[in-house]
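Novice: just need the structure, nothing else, for what follows:
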Amino acid sequence: SSGLGPCAAGLSTDCGAMEASVALYSFCLALLVLAALALGRCGRKPRERSMGKATPAKVVAVAQPPDEAVARERRRDLDEEVQQTTVPEVLLAFGEDGTLTETAGALQMPKCVTPGGFIPTELELSKAEELHRGLLARGAVNDIRGGERWYEGCELLRFLRARRSIADSEQLFCAAMDIRRQLAPDWGVEATDGSYGTAQTSFMRGSGSCPPAWWTFMTDYCPLKFCGTDRHGLPVAYAAVGKSDLQGYEREIGLQNLQRFFVMHNDLFLDSARAASNSNKENMVHHNGFLIVDLDGLSWRTRHEAQVFSRIIQVIQVLHPERQKRCFLVRAPYIFSTVWRLIKPALHPRTVERITILDSSRLSMEELLNELGPASVPNFLGGDNTTIEEPTLKLVPAGAFQKHKENLKV
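Specialist: Below is the predicted model:
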């Protein structure tokens, strides 16, 4: 049993292209599977999209120049031009009858192109209305504490952009709510505002209730951390994939607890993007953020990690579609970049656009620093962030979780 419930019946994801790639290049492509799945666009073929015309106050298109110094200057010029652009403020909310109406204090939908946000077109907004009406009729968030949060405009747009049709988006949304509704009672973690992000924050700060033993165990071993926000307030996460031991984590705490840990992390990730969307001064809409994937330590052992991740992602890709704005694969070995060039044509163009591969050179890391800002990049990658120590490989010995629980009782 998948545990997804009746709304998830018939739900499927097309990952054939990526699975074939893993079979051919199991070593290097294991990490590419992680990156592509994390973006929620795994193996989809390009399609023509008729999303209607946006009505921007001003659209600024900038070609990427070959010289990085020129690129940085143009990015600054773009930011200044956007800030000087007068944008008509449009406040939108869904009424009780499911229609989209203008109202004060509701979700702000921008009408201009900006570096940090996106443009919802009139057709997208119309589809969001239709999706919302269908979800209300099905009672999609019933019995989920604070579940109405998922009816917000930016959340509905995230589900719409993850699927080809409104019907598919509705099916995906219901499957996500079924997971939250059915699995939450067994998780031993309280959801607030329809999300586990608040609980994750509380555990990280050491406030509120004591975190479960599996959570403290994972924070000790798993090199997955938040390292700040970019200049638009979007979350930045760091994952040292080459120093992880997913097989050991699963062996010790079990698959469900492993899924819980990643769900809580991603819920907080989405909560952070939502907060940036609700509080930004430029009227930008956000529903995603950035991921730094550190490939240092990549070895033959890593090829088996993709098998565990594929089991974790069965829940993650349903709950958190369209959550990555851009993914940086850093300190990538030469062979990784070579294989990437070979398999890139098999991936969806939107996945390719969001993945950037950087080696360990200072010049290469400049792109990371320019995009995220030094404060959000760990110091061992050339940034100024000292809150994250450079991880070392910590293989999990058999019986480590039992010993961890015994230590907690002392």
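Novice: what ranges in the stretch 101-250 of the chain fall below the confidence cut-off?
Specialist: 101-119, 188 (pLDDT under 70).
Novice: strands of that one, start to end?
Specialist: 107-108, 224-229, 235-240 (DSSP state E, counting those that start in this stretch).
Novice: with distance to Tyr249 added, can I get those strands in CSV?
Specialist: Every residue, glycine included, has its C-beta placed from N, CA and C. As requested, the strands of the stretch 101-250 of the chain are arranged in CSV below (distance: least, Cβ to Cβ, whole Å):
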stretch, distance to Tyr249
strand 107-108, 37
strand 224-229, 11
strand 235-240, 13
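Novice: nearest approach to Asn266 belongs to which of these?
Specialist: strand 235-240 (8.9 Å; Cβ to Cβ).
Novice: tell me the buried residues in stretch 363-373?
Specialist: Ser364, Met365, Glu366, Glu367, Leu368, Leu369, Glu371, Leu372, Gly373 (16 or more other Cβ atoms under 10 Å).
Novice: between the residues you listed, which sits nearest Arg180?
Specialist: Leu372 (30.2 Å).
Novice: do I have it right that that closest one meets Tyr238?
Specialist: No - using Cβ atoms under 8 Å, Leu372 is not in contact with Tyr238, being 10.5 Å away.
Novice: what touches both of those two?
Specialist: Here Leu372 and Tyr238 have Ile292 as joint contacts, going by Cβ atoms under 8 Å, 6 or more residues apart in numbering.
Novice: please report phi then psi for Gly399.
Specialist: phi 80, psi 0 (degrees, to the nearest 10).
Novice: residues contacting the nearest residue to it once chain neighbours are set aside?
Specialist: Among residues not flanking Gly399 along the chain, Glu252 sits closest, at 8.0 Å (Cβ to Cβ, 6 or more residues apart in numbering). Taking Cβ under 8 Å, 6+ apart, we find Glu252 in contact with Phe217, Val396, Ala398, Gly399, Ala400, Phe401.
Novice: count of residues packed around the nearest residue to Glu190 once chain neighbours are set aside?
Specialist: In space, and not counting its chain neighbours, Glu190 is closest to Ala199: 5.9 Å by Cβ to Cβ, 6+ apart. Using other Cβ atoms under 10 Å, Ala199 has 21 neighbouring residues.
Novice: swap in the one 3 residues further on?
Specialist: By the criterion of other Cβ under 10 Å, Ser202 has 16 neighbours.
Novice: also the one 10 residues further on?
Specialist: Under the neighbour criterion other Cβ under 10 Å, Pro212 is assigned a count of 18.
Novice: and Asn407, by the same measure?
Specialist: By other Cβ under 10 Å, neighbour count at Asn407 equals 10.
Novice: ok, it to Ala176 distance?
Specialist: 36 Å (Cβ to Cβ, to the nearest Å).
Novice: follow-up on the earlier one: got a quick ChimeraX command for the buried subset of the contacts of Glu252?
Specialist: Here is the ChimeraX command that selects the buried residues among these (16+ other Cβ under 10 Å):
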select :217,396,400,401
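Novice: now, which of the contacts of Glu252 lie within helices?
Specialist: Phe217, Ala400, Phe401 (DSSP state H).
Novice: the last one contacts Phe217, doesn't it?
Specialist: Yes - counting by Cβ under 8 Å, Phe217 is a contact partner of Phe401 at 5.5 Å.
Novice: now do the shared contacts for those two.
Specialist: With contacts taken as Cβ under 8 Å, 6+ apart, Phe401 and Phe217 have Glu252, Ile253 as neighbours in common.
Novice: returning to that earlier point: among the buried residues of stretch 363-373, which ones are in helices?
Specialist: Using DSSP H, the buried residues of stretch 363-373 in helices are Ser364, Met365, Glu366, Glu367, Leu368, Leu369, Glu371, Leu372.
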